[in-house]
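Novice: Need a 3D model of the following:
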Amino acid sequence: MNLEPGTKLGHYELLEKLGEGGMGVVWKGRDLTLDRVVAVKFMPEGLVEDPARRARFEREAKAVAALHHPSIVTVYAIEQAEGLCFFTMEYVDGRPLSDCFVPGGLALEDFFRIALPLTEAVAAAHERGIIHRDLKPSNIMLDSAGRVKILDFGLAQIMDIVSPLGSHEKTLTATLTEGISGTILFMSPEQLRGETTDHRADLFSLGIILYEMATGAHPFAGRTAADTIAAILKNEPRPASALNSRLPRQLDRVLGHCLEKNVRLRMAAAVDLREELNRLRQEGHESQAEELPSVAVLPFVDMSREKDQTYFCEGIAEEITNALCRLHGLRVASRTAAFQFKDQSAEPREIGRRLNVETLLEGSVRKAGNRVRVTAQLIDASGGFHLWSESYDRELRDIFQIQEEIARNIAHALQVTLSPQEKGALEKAPTRHVQAYDYYLRGRSFYYRYDKKDIEFALQLFTRAIEIDPEYALAWSGLADCWSYIYLYSERKDEVRRQAEAAGRRAVELDPESAQAQASRAVALSIGGHREEAERGFETAVRFDPNLFEAWYFYARHVFVNGDLERTVRYYAEAQRVRPDDFQAPLLQATALDSLDRKDEARSARRRGLSLVDDYIKLHPDDSRALYMSANALVALGERDKGLERARRARAIAPNEPMLLYNLGCIHSLAGDVEEAIECLEQAVEAGLTQKGWFEHDSDLDPLRAHPRFKALLEKLS
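Specialist: As a prediction, the model looks like this:
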């Protein structure tokens, strides 16, 4: 039948043709019975002739018509007239979302104004079991009042029911021969591969739409359809904040979670995405409307006669820091940032300025036998006067209660209201046995030195903690970390790896909501080659605690070893966000940036890392890791002689340390000393470092790849 303005079909009159595509022809029409303007969408002829398909079509169509949401265009009726099958639906007088995109991305408030109702609508449909399967900006309208309206919800699914060749498959076939289609740009990897899809395909499409709203750029667009398809299947997009500096870094993580190519690692539900976006918006409003109170917990002073309780004093300060970090209404300086003022005589005003906090918590600890005396005082950084102070003279077994009371008093002094969940978190003690706690704190103090002998000593201390309290999750977590380190850098045996996995698994069993336990288990799984399970563990860890440095840092190392350079850059950026004074993350990030040919960003990362490490070396001149990592950066930036001098200093401190030898190989490779570089790498392998992924993906080693000895070394690692 030839359709034209004025054509009447039943009690509908066609007014003007609005568009045509793979989902059928759309007209503006008038319902003559109810005297209202409607949209009329015609399905291609002959699609519902098969009785079985017809029955299923009607079931699905009724489900779509029953979907009512203010941000979803309402389907009024499924009609037939003159041999044609068509839908009548709400007519939206507005413009498509694609017309709203601007170079550089929308203002943040405009982004949330659209993103939140859009995500809410998708979540509502998914809860009813209805999937869109063709989300794209041209299917999202903003009406004359700026309200979001999604078109065609569920109709792609109906098209696949009634068509021998599904709508997406037809689009894909046509696109490959004709060029880039709007639909292809927003397809998920599983759709492109022709695999079975579920609601998570919508989340991938939604992630692309939100990315383009936020940056003004498509994360995967190529010059041709084939380029675009390849990018969606293989490439990782740049962090959105790298394209729009106004965006919060946390949005990078949210968008990255939506754009996971592996559907099992993708954000699980639209309702989760809505909650994440809503939280980011609330945090933005709070920071604009009223600056959150802020505090830094300085390392507590050891007042014992023997001066041998530094680890215990720092452990108490760290536990209080961790407790305060759980409070939503308080901004807390990182442990590393605050601890740089240990043994320094800086004025409170200077410390507050450098840490960007308003208040400081100082304290001291005197431990003698089974008694402990803890003093704490909260100080106004600008004026130096006391806001609160208290002394606790208790039995040692009361140390957890003391920590809880200090955290509560700080919250009270800074007028932070605690939720029931936050109150419960403060009351939760890590162990019932203070001696186990003591061993754990000592173990962590040795573990963080990243030296083979110190790791072995830490292993003994964590083991003692577990002997006292077999249900101490953090001690099992520390044990897993030690075994993972030994496997990577010292003793590459299956029994060592299995011990790391077993300890990590036990930590999670004992405290499944511990971010540290999840991260430690993920590291153990990573070294065992359980890539997807490890990534799920890292994702869980950062969801539980987005400010856990170790989770982001080791997640970045994990994806680097597996050749995922885009995510390596992104996760090291998260590690820097959490601990801005750490020199490792920017220096390691620079290597991945080099491999991605983002040379300017790599140079900036190295300069940032060098600035941090130079300050660190002034206080710790014999830290071999700081020396060899900065040596690498110096050589890469063209300061060859200065870099090689630092490398020599590092080797004199720990001549047989496998990680140092590997890094010396990288340094000499960058410096052009090919034979010396390979000699160092061979020694690193002999000393126990056999993680092949580093040798394969580290751009520092590119000058060596054609050398027969390097090829033989890679073969040995297979």
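Novice: so what's residue 13 bridging to?
Specialist: residue 8, residue 30 (DSSP bridges).
Novice: Identify the residues contacting it.
Specialist: By Cβ atoms under 8 Å, 6 or more residues apart in numbering, the residues touching residue 13 are 6, 7, 29, 30, 32. Placement of C-beta: from N, CA and C, glycine included.
Novice: Among those, which one sits closest to residue 625?
Specialist: Using Cβ to Cβ, residue 29 is the member of the contacts of residue 13 that sits closest to residue 625, with 71.3 Å.
Novice: quick one: that closest one and residue 74, what's the gap?
Specialist: 15 Å (Cβ to Cβ, to the nearest Å).
Novice: got it, and residue 520?
Specialist: Distance from residue 520 to residue 74, by Cβ to Cβ: 50 Å.
Novice: The two: who's more crowded?
Specialist: residue 520 (33 against 16; other Cβ atoms under 10 Å).
Novice: What residues does the more buried one make contact with?
Specialist: So residue 520 contacts 476, 477, 478, 480, 481, 484, 503, 504, 507 (Cβ under 8 Å, 6+ apart).
Novice: Please flag which of those sit within helices.
Specialist: 476, 477, 478, 480, 481, 484, 503, 504, 507 (DSSP state H).
Novice: Could you point out which of the residues you listed is nearest to residue 348?
Specialist: residue 478 (33.9 Å).
Novice: Find the residue closest to that closest one in space, skipping its chain neighbours.
Specialist: Nearest residue to residue 478, sequence neighbours excluded (Cβ to Cβ, 6 or more residues apart in numbering): residue 462, at 4.1 Å.
Novice: That neighbour is in contact with residue 483, isn't it?
Specialist: No: between residue 462 and residue 483 there is no contact under Cβ atoms under 8 Å: 9.8 Å.
Novice: show me where the stretch 101-250 of the chain has helices.
Specialist: For the stretch 101-250 of the chain, the helices defined by DSSP state H, counting those that start in this stretch cover 108-127, 155-162, 167-178, 189-192, 199-215, 225-234, 240-243, 249-258.
Novice: could these go into JSON lines alongside mean pLDDT and mean neighbour count?
Specialist: Below are the helices of the stretch 101-250 of the chain laid out as JSON lines (pLDDT from 0 to 100; neighbours: other Cβ atoms under 10 Å):
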{"stretch": "helix 108-127", "mean pLDDT": "91", "mean neighbour count": "20"}
{"stretch": "helix 155-162", "mean pLDDT": "53", "mean neighbour count": "22"}
{"stretch": "helix 167-178", "mean pLDDT": "49", "mean neighbour count": "16"}
{"stretch": "helix 189-192", "mean pLDDT": "92", "mean neighbour count": "20"}
{"stretch": "helix 199-215", "mean pLDDT": "94", "mean neighbour count": "24"}
{"stretch": "helix 225-234", "mean pLDDT": "90", "mean neighbour count": "17"}
{"stretch": "helix 240-243", "mean pLDDT": "79", "mean neighbour count": "20"}
{"stretch": "helix 249-258", "mean pLDDT": "86", "mean neighbour count": "21"}
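Novice: Would you mind putting the ones you listed into CSV with distance to residue 271 alongside?
Specialist: What follows is the helices of the stretch 101-250 of the chain, written out as CSV (distance: least, Cβ to Cβ, whole Å):
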stretch, distance to residue 271
helix 108-127, 4
helix 155-162, 20
helix 167-178, 25
helix 189-192, 21
helix 199-215, 11
helix 225-234, 25
helix 240-243, 22
helix 249-258, 13
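Novice: Would you mind saying which of those lies nearest residue 379?
Specialist: When the helices of the stretch 101-250 of the chain are compared (using Cβ to Cβ), the closest one is helix 249-258, at 29.9 Å.
Novice: got a list of contacts for the closest one?
Specialist: 203-204, 206-207, 210-211, 214, 239-241, 266-267, 273, 276-277, 280, 283, 539, 542, 546, 567, 570, 573-574, 577.
Novice: Centre of the chain to that helix, how far?
Specialist: 6 Å (Cα atoms, centre = their mean, to the nearest Å).
Novice: got the angle between that helix and helix 108-127?
Specialist: Here the directions of helix 249-258 and helix 108-127 differ by 30 degrees (axes from the mean of the first three to the mean of the last three Cα atoms, to 10 degrees).
Novice: orientation of the helix or strand that helix 249-258 is followed by relative to helix 199-215 in degrees?
Specialist: Using DSSP states H and E, the helix or strand that follows helix 249-258 in sequence is helix 270-289. For helix 270-289 against helix 199-215, the angle by the same axes, to 10 degrees is 20 degrees.
Novice: what does helix 270-289 contact?
Specialist: Outside helix 270-289, the residues touching it (Cβ under 8 Å, 6+ apart) are 108, 112, 115-116, 119-120, 122-123, 126-127, 199, 202-203, 206, 248, 250-251, 254, 257-258, 267, 292.
Novice: any idea which of the ones in helices among the contacts of residue 520 is closest to residue 513?
Specialist: For those, the nearest to residue 513 is residue 507 (11.5 Å; Cβ to Cβ).
Novice: Tell me if I'm right that that closest one and residue 513 touch.
Specialist: No: using Cβ under 8 Å, residue 507 makes no contact with residue 513, being 11.5 Å away.
Novice: Which one's more surrounded, those two?
Specialist: Taking neighbours as other Cβ under 10 Å, residue 507 and residue 513 compare with residue 507 leading, 28 against 13.
Novice: quick revisit: between the helices of the stretch 101-250 of the chain, which one is closest to residue 82.
Specialist: helix 155-162 (18.7 Å).
Novice: Looking at the contacts of residue 13, which one is closest to residue 633?
Specialist: The closest of the contacts of residue 13, once distances to residue 633 are taken by Cβ to Cβ, is residue 29, at 66.6 Å.
Novice: tell me the contacts of that closest one?
Specialist: 12, 13, 14, 15, 37, 38, 39, 40, 88.
Novice: Most neighbours out of those residues, which is it?
Specialist: Busiest of the contacts of residue 29 [other Cβ under 10 Å] is residue 40, holding 28 neighbours.
Novice: Any idea what that one is bridged to?
Specialist: residue 27, residue 88.
Novice: quick one: contacts for it?
Specialist: 9, 12, 14, 26, 27, 28, 29, 86, 87, 88.
Novice: Is the last one in contact with residue 30, as I believe?
Specialist: No: with contact defined as Cβ under 8 Å, residue 88 does not reach residue 30; the gap is 10.2 Å.
Novice: Now for those two: what residues contact both?
Specialist: 12, 38.
Novice: what about residue 628, neighbour count?
Specialist: Residue 628 has 26 nearby residues by other Cβ under 10 Å.
Novice: ditto for the one 5 residues further on
Specialist: Counted by other Cβ under 10 Å, the residues lying close to residue 633 total 27.
Novice: what does the helix or strand that contains it rub up against?
Specialist: Here residue 633, judged by DSSP H and E, is contained in helix 624-636. Contacts to helix 624-636, defined as Cβ under 8 Å, 6+ apart, come from residues 450-451, 583-584, 587, 590, 594, 602, 606, 609-610, 613-614, 616-617, 620, 640, 642-647, 649-651, 653-654, 657, 659-660, 663-664, 666-667, 670-671, 700.
Novice: Just the buried ones from these?
Specialist: Buried subset of these (neighbour count, 16 or more other Cβ atoms under 10 Å): 450-451, 583-584, 587, 590, 594, 602, 606, 609-610, 613, 616-617, 640, 643-644, 646-647, 649-651, 653-654, 657, 659-660, 663-664, 666-667, 670-671, 700.
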